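[1] no sequence on hand, only this structure:
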């Protein structure tokens, strides 16, 4: 039973004992295969640890049978992206201005610690730093010296695109350097987010996607249509009336009013013009039978 569960998990890319335990508890295929046994992840881990060579041999036979039936294609092989090791430290990346600020901060911290310790020991016969404080001061001073030495050896920032400054790395500034790869005639394949859409070899990639879980629908809900705005209405040249998206006329209602410190023009349609209009439900909500529209304007400019 455990062998069946492990082989099924491997066929689906599941290589964790805890993941197999959850599958045996929640996945109906695993439940049917194991007879609803629900093995604990420690039991699965112990079984894999004791029988790894036997499991590998059986899994190889399964793959051989699948290959003989033509169930394993050879048209596309994908290698997942991994981080290549290098001496570059993320915390040692920055511009010259950032490195200088780091050095100054470390030097200030070391000076502050020395002053504080000397002040505490002012009345003592001996002024000896404790080992922990001395080690920290030495580390800060050493790091600050290394940064200033790097700044001396690299007097200029690295130019970037559009006049920006590229960050440098003090421990391994040439890690993942494309120029060095080009000089050595090494092809570097760097995939971007839209690479699969352009490559014809991935034209049928959708058929390899897992089917959605019927118990958990992740599809996006339809967005709510927007309401009509002032740009959807047409104002007459003399500003005596406006025409709505349905072609009905809204007459000017009352004198000019002020809204938020701006002069505004108010239009309103009669009840008879809005009753039964199909655009009343635009935006998913029912509009009152009588429409009222306000246009703000500033000074003598055109209505907005």
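    Looks like it came in fine. These numbers were taken from a predicted model, which means no experiment stands behind them. Numbers count the residues shown, from 1 in each chain.

[2] in the helix or strand harbouring residue 100, which residues are buried?
    Per DSSP states H and E: residue 100 is located in helix 96-120. Across helix 96-120, burial judged by 16 or more other Cβ atoms under 10 Å covers 96, 99, 102-103, 106-107, 110, 113, 117. Quick note: C-beta positions are derived from backbone N, CA and C, even for glycine.

[3] could you do stretch 44-61 as well?
    Neighbour-count burial for stretch 44-61 [16+ other Cβ under 10 Å]: 44, 47-48, 55.

[4] what does that stretch contact?
    2-3, 5-7, 10, 17, 20-21 (Cβ atoms under 8 Å, 6 or more residues apart in numbering).

[5] so how far is it off the chain centroid?
    Chain-centre distance of stretch 44-61: 37 Å, with Cα atoms, centre = their mean, to the nearest Å.

[6] rewinding a little: so can I have a markdown table of the buried residues of helix 96-120 showing pLDDT and distance to residue 253?
    Formatted as a markdown table, these follow (pLDDT from 0 to 100; distance: Cβ to Cβ, whole Å):
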| residue | pLDDT | distance to residue 253 |
| --- | --- | --- |
| 96 | 87 | 66 |
| 99 | 87 | 67 |
| 102 | 87 | 66 |
| 103 | 88 | 70 |
| 106 | 87 | 71 |
| 107 | 87 | 73 |
| 110 | 84 | 75 |
| 113 | 80 | 76 |
| 117 | 72 | 80 |
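
[7] which of these sit farthest apart?
    Farthest pair in those (Cβ to Cβ) is 96 and 117. Separation: 32.1 Å.

[8] whichever strand or helix holds residue 138 packs against which elements?
    Applying DSSP H and E as the criterion places residue 138 in helix 131-153. Under the contact definition 3 or more Cβ pairs under 8 Å, 6 or more residues apart in numbering; DSSP states H and E, helix 131-153 sits against helix 96-120.

[9] report the angle between the helix it packs on and helix 131-153.
    Interaxial angle, helix 96-120 versus helix 131-153 (axes from the mean of the first three to the mean of the last three Cα atoms, to 10 degrees): 150 degrees.

[10] what residues does helix 96-120 touch?
    94, 127, 129, 133, 136-137, 140-141, 143-144, 147-148, 150-151, 154, 156-157, 167-168, 170.

[11] filter these down to the buried ones.
    In these, the ones that pass as buried (16+ other Cβ under 10 Å) are 94, 129, 137, 140-141, 143-144, 147-148, 150, 168, 170.

[12] from those, which has minimum pLDDT?
    On pLDDT alone, residue 129 ranks lowest of these, at 61.
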